[in-house]
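**Q** My questions are about this predicted structure, shown below with the sequence.
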Amino acid sequence: MSEDEPIGVMTTDECWDMLRANEFGRLAFHLAGEVHLTPINYAVDHDTLLFRTAEGSKLLGVEMNPDVAFEIDEFDEHHARSVVLRGVARHLGEDEEHRAENVPLRPWVPTLKYDVVEIRPTEISGRQFELSRPWLHIIPGR
């Protein structure tokens, strides 16, 4: 990446590294004919994502239509990165919920969330951006 090439494509390994280094993202899911977008905290478990939830719209949505998308991003004054993952969500059974105990899946809100959902990726992509002050790229001769 450079000023001449301000957008770069992240490798799959870079995407997974960014997912492992973070714990907060956004889940997009279908429910009742609408697309919903909600923040979640998550953890990476091998090649899947896990999150905890309680009975409600997220759980109902992924059980009715398991096709989901997930996004994380990070930025500072000069750079930005984002990863988008598309996949299939599955409510884990009681015999599999122990997987959530083996990863750093910590709730941010002290509410009871007994249900664990796995997202198995079907596609993952990432982009990184070299940021500039908005007006610099429109000044002639730059």
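**A** That came through, no problem.
**Q** From now on I want contacts and neighbour counts done on CA atoms only, so please keep to that.
**A** Noted.
**Q** which is the next helix or strand following whichever helix in the chain runs longest?
**A** Identified as the longest helix of the chain according to DSSP state H is helix 12-21. Per DSSP states H and E, the first helix or strand lying C-terminal to helix 12-21 is strand 24-31.
**Q** Is it correct that residue 62 falls within a strand?
**A** No - assessed with DSSP: H, G, I helix; E, B strand; the rest coil, residue 62 is helix; it does not lie in a strand.
**Q** residues near it, how many?
**A** Residues lying near residue 62 (other C-alpha atoms under 10 Å) number 21.
**Q** these two touch, right, it and residue 32?
**A** No - with contact defined as C-alpha atoms under 8 Å, residue 62 does not count as touching residue 32 (11.3 Å).
**Q** how about the helices in this structure?
**A** Using DSSP H, helices in the chain cover 12-21, 57-64.
**Q** Can you say which of those is nearest to residue 124?
**A** Nearest of the helices of the chain to residue 124, taken as C-alpha to C-alpha: helix 12-21 at 6.9 Å.
**Q** Pull out the buried residues from that closest one.
**A** Of the residues in helix 12-21, 15-16, 18-20 count as buried by neighbour count, 16 or more other C-alpha atoms under 10 Å.
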